[in-house]
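Visitor: sequence below, structure please.
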Amino acid sequence: MNQISYAGLFNSSTLVAPGVYINVLPPKGSVIRPAVVGVLGLLGIASWGPVNVPTQIGGQNPLALFGAQQVRKYDLVTHAGIAQQIQSALNSGASLMLNRVTDGTDTAASAPIGLIGSTLTVAAGGTGYPASGSATLANGITITFTASGGVVNAITLVSGAATSQPSNPVATTTGGSGTGLTVNVGSYTKQLMVSSIYTGSAANGATATIGAGSAANTTKITLSMPGFAPEVFDNISGSGNQFWINAAAAINNGNSPQRGPSLYFVASAGTATSAPTNGASTLAGGTDGATTLTSSVFIGSDGATRTGVYSFRGMGVTHAVVCDLDDHTQNANLLALAQSEGIYWGYQGPAGESISSASTTKATDGTDTPWLKVFLGDWCYANDNVNGGQRLLGPATFGMALLSTQPPQNAGLNKQIPMIVATQRSKSNSQYAQSDIVNLCNAGIEVIGNPIPAGNMFGMETGRNASSNGAQNTDNWPVLTAFLARSLSGPGALGTLIGRTITDQFFIDGYAMLDNYLAGLKRATPDPVIQNYQIRFDRSNNPQTQTAQGLVVASVLIQYFGIAMVFLVNLQTGATVVIPASASSDFSAAA
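Guide: The predicted structure follows:
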């Protein structure tokens, strides 16, 4: 009698009948899995999308989630489009994580539906018209009047309930002197208010259209957002105010298995009991929150509710840039965040920056660190395929987009960066001299130029991060170090050892996990990730006095590959040169 238990349920002490019993047992230990690499975080302003919510682009989150690209500094969609094209051109698995910020003045577009008309009569001034000044309605709506020569030439709605204000009050006169001015402001017993789900100007011009439903005695509401497919909420029923309650519920929650909640709008029902009237309403009033942009807006705060760059905490970003930010006063904040999160952070100096100015700034701003990559303010030109013409953009986006496509052990030095049409320097037909590159290398500053050693193409010319330490000042050190740290501390893996009794088997299992993972990196083909490693994890470095307190220590040495910076050829030529007889002889040994 032979039996197999795939759940490992056979107990040897209870087996009596002769036969073969197979207990299938799960493997011991856990497997350390490589961390995700190549996630480029970009932060800037946009005309649509969530605010201070880092969002992975791809699949259900296309780039259009943040609106169309605008011709302005710090524009998130412009930089994301460039980075996306670079990543795609290099056939990499890199991805983008976008974070929109605002200065706090951003507003959502909205449109009231079904305001019932009414009038306001303001006491006359002058010859039958109100004098310059303001009048307040009973519901708190304020109107200002500007009069000149007895004629009202401006009427402006100043403030009012955000859910009910009409956009264009209409003024009409009703008679001669003393009869007053009649202003049609609309009733504030509204039927429905539709607002964009996100703030921003992208929703201005969106429409909410009411028409007949497909089923008898029902209504259809179609919401159209520029750049997106229309959303149709069909067969809405109900009478009186209940209809408007049903309409808001359909938009907010969906009204069929095929028609879920709106992705772009929210709605609220008013108290009106009037029936719907077919027609369209246009949303307006959406603003981007880009009125007063200072560097502090982009940096944000690191409190309970994180904003700005701090929103990237714990999001798995490996490379990052604040689009077009060139204010060096924020470098200390960027450094602290980059180092604490293991993010390789790129930034640039102001457009047209000289090498001497950049070197002086770098020497005094406290950024001698491998976690930052400083780009000289030689900004890059790229084609704007949406708005036309060329755009001048900060070089950090181009450089970090290229770096995000590289395996963690590789550097960005001497690799072509697509999408660059020119730089400020190349537009003047001026190349960097050898002495310029030497000065930039010594200062720990990167520059994008043309040509590079590989040929006539745009690429990074120094391969340096901001550190002056020769052991960690190449692009691969911060990226590979963060990759290894994230892998070892990732889900499962070494964390499965916590809570176990510290026996000899405990050390065997922990050593095996580390060894299997690092051996895989060493043997990776065609390009090994690390050159060599050594692990010490046993009783020799974990004495009883230490383990009795619950502390165990693994000492791990990992040797990286070097990055080729200089290729020196000792060239000896002439008719008197003697070639050694043995092909294996050193050329330098020739007489």
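
Visitor: pLDDT weak spots in the stretch 151-300 of the chain?
Guide: Residues of the stretch 151-300 of the chain meeting the criterion pLDDT under 70: 151-189.

Visitor: can you rerun that using 50?
Guide: For the stretch 151-300 of the chain, the stretches with pLDDT under 50 are 151-188.

Visitor: so which residues of it form helices?
Guide: Taking DSSP state H, counting those that start in this stretch as the criterion, the stretch 151-300 of the chain contains helices spanning 241-253, 295-299.

Visitor: okay if I get the ones you listed as TSV plus mean neighbour count and distance to residue 562?
Guide: Where C-beta positions appear, they are placed from N, C-alpha and C, glycine not excepted. Listed next are the helices of the stretch 151-300 of the chain as TSV, based on neighbours: other CB atoms under 10 Å; distance: least, CB to CB, whole Å:
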stretch	mean neighbour count	distance to residue 562
helix 241-253	19	59
helix 295-299	19	35
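
Visitor: output those helices as JSON lines; include the columns distance to residue 88.
Guide: Listed next are these as JSON lines, based on distance: least, CB to CB, whole Å:
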{"stretch": "helix 241-253", "distance to residue 88": "36"}
{"stretch": "helix 295-299", "distance to residue 88": "26"}
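
Visitor: just so I know, which of these lies nearest residue 67?
Guide: Residue 67 lies closest, by CB to CB, to one member of the helices of the stretch 151-300 of the chain: helix 295-299, at 18.0 Å.

Visitor: what residues does the closest one touch?
Guide: Outside helix 295-299, the residues that touch it by CB atoms under 8 Å, 6 or more residues apart in numbering are 43-44, 74, 101-103, 308-310, 322, 325, 327, 329-330, 333-334.

Visitor: quick check: what element follows that helix along the chain?
Guide: Once the chain leaves helix 295-299, the next helix or strand it forms, by DSSP states H and E, is strand 319-322.

Visitor: elements contacting that next one?
Guide: Packing contacts for strand 319-322, counted by 3 or more CB pairs under 8 Å, 6 or more residues apart in numbering; DSSP states H and E, involve strand 39-44, strand 344-348, helix 395-404.

Visitor: and it, which strands flank it?
Guide: Its sheet considered, strand 319-322 pairs with strand 39-44 (parallel), strand 344-348 (parallel) by DSSP bridges.

Visitor: before we move on, back to that, just the contacts of helix 295-299 now: which is nearest residue 372?
Guide: Nearest member of the contacts of helix 295-299 to residue 372, counting by CB to CB, is residue 334, at 6.6 Å.

Visitor: of all the helices of the stretch 151-300 of the chain, which lies closest to residue 578?
Guide: helix 295-299 (64.8 Å).

Visitor: now the residue nearest to the spatial centre of the chain: which helix or strand?
Guide: Nearest to the geometric centre of the chain sits residue 98, at 1.6 Å (CA atoms, centre = their mean). Using DSSP H and E, residue 98 maps to strand 95-100.

Visitor: check the offset of that strand from the chain's centre.
Guide: Strand 95-100 has its C-alpha centroid displaced from the chain centroid by 2 Å (CA atoms, centre = their mean, to the nearest Å).

Visitor: for the record, mean pLDDT for that strand?
Guide: Mean pLDDT, strand 95-100: 98.

Visitor: angle of that strand against helix 395-404?
Guide: Put simply, strand 95-100 runs at 150 degrees to helix 395-404, going by axes from the mean of the first three to the mean of the last three CA atoms, to 10 degrees.

Visitor: ok, now how distant is the residue nearest to the centre of the chain from residue 476?
Guide: 26 Å (CB to CB, to the nearest Å).

Visitor: likewise residue 452?
Guide: The gap separating residue 452 from residue 476 is 18 Å, by CB to CB.

Visitor: higher neighbour count, those two?
Guide: Higher neighbour count among residue 452 and residue 476: residue 476, with 26 against 18, using other CB atoms under 10 Å.

Visitor: is the more buried one in contact with residue 408, as I believe?
Guide: Yes - counting by CB atoms under 8 Å, residue 476 touches residue 408, with 6.7 Å between them.

Visitor: following the lengthiest helix in the chain, which helix or strand shows up next?
Guide: Looking across the chain with DSSP state H, the single longest helix is helix 504-523. Following helix 504-523 in sequence order, the next helix or strand is strand 532-536 (DSSP H and E).

Visitor: list of residues touching the next helix or strand after that next one?
Guide: Counting by DSSP H and E, the next helix or strand C-terminal to strand 532-536 is helix 544-547. Here helix 544-547 makes contact (CB under 8 Å, 6+ apart) with 502, 552-553.

Visitor: list the buried residues for helix 544-547?
Guide: By 16 or more other CB atoms under 10 Å, the buried positions in helix 544-547 come out as residue 547.

Visitor: the helix or strand just after that helix pairs with which strands?
Guide: With elements assigned by DSSP H and E, the helix or strand that comes after helix 544-547 is strand 555-559. Under the criterion DSSP bridges, strand 555-559 sits next to strand 532-536 (antiparallel) in its sheet.

Visitor: how about the strand it pairs with: buried residues?
Guide: For strand 532-536, burial by neighbour count (16+ other CB under 10 Å) applies to 533, 535.

Visitor: and what of stretch 389-406?
Guide: Under the neighbour-count criterion of 16+ other CB under 10 Å, stretch 389-406 has 391-406 buried.

Visitor: where does the protein dip in pLDDT?
Guide: Using pLDDT under 50, the chain drops low at 116-131, 136-142, 147-188, 589-591.

Visitor: tell me how far the residue lying closest to residue 94 once chain neighbours are set aside lies from residue 85.
Guide: Among residues not flanking residue 94 along the chain, residue 38 sits closest, at 3.5 Å (CB to CB, 6 or more residues apart in numbering). Distance, residue 38 to residue 85, using CB to CB: 15 Å.

Visitor: these two: who's more crowded?
Guide: The neighbour comparison of residue 38 against residue 85 (other CB under 10 Å) goes to residue 38, with 20 against 15.

Visitor: show me what contacts the more buried one?
Guide: Residue 38 makes contact with 87, 92-95, 318-319, 404-406 under the criterion CB under 8 Å, 6+ apart.

Visitor: redo those as CSV? Include distance to residue 560.
Guide: Converted to CSV, the contacts of residue 38 look like this (distance: CB to CB, whole Å):
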residue, distance to residue 560
87, 25
92, 21
93, 22
94, 21
95, 25
318, 17
319, 18
404, 19
405, 19
406, 14
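
Visitor: let's see if you can find the most crowded of these.
Guide: residue 319 (31 neighbours).

Visitor: what bridges to that residue?
Guide: Residues in a beta bridge with residue 319, per DSSP bridges, are residue 40, residue 344.

Visitor: I'd guessed it sits against residue 39; true?
Guide: Yes - if you go by CB under 8 Å, residue 319 and residue 39 touch, sitting 7.2 Å apart.

Visitor: which residues are common contacts for the two?
Guide: With CB under 8 Å, 6+ apart as the test, residue 319 and residue 39 both reach residue 404.

Visitor: leaving out sequence neighbours, find the closest residue to residue 351.
Guide: Closest to residue 351 by CB to CB, 6+ apart is residue 379, at 4.4 Å.

Visitor: gap between that neighbour and residue 391?
Guide: As judged by CB to CB, residue 379 and residue 391 stand 10 Å apart.

Visitor: residues of stretch 270-280 that come out buried?
Guide: Under the neighbour-count criterion of 16+ other CB under 10 Å, stretch 270-280 has 270, 272, 276 buried.

Visitor: how about stretch 453-462?
Guide: Under the neighbour-count criterion of 16+ other CB under 10 Å, stretch 453-462 has 458-462 buried.

Visitor: can I get these in JSON lines with secondary structure?
Guide: Shown next, in JSON lines, are the buried residues of stretch 453-462 (DSSP: H, G, I helix; E, B strand; the rest coil):
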{"residue": "458", "secondary structure": "coil"}
{"residue": "459", "secondary structure": "strand"}
{"residue": "460", "secondary structure": "strand"}
{"residue": "461", "secondary structure": "coil"}
{"residue": "462", "secondary structure": "coil"}
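
Visitor: who wins for proximity to residue 445 among the helices and strands packed on strand 319-322?
Guide: Across the helices and strands packed on strand 319-322, residue 445 has its closest neighbour in strand 344-348 (9.9 Å, CB to CB).
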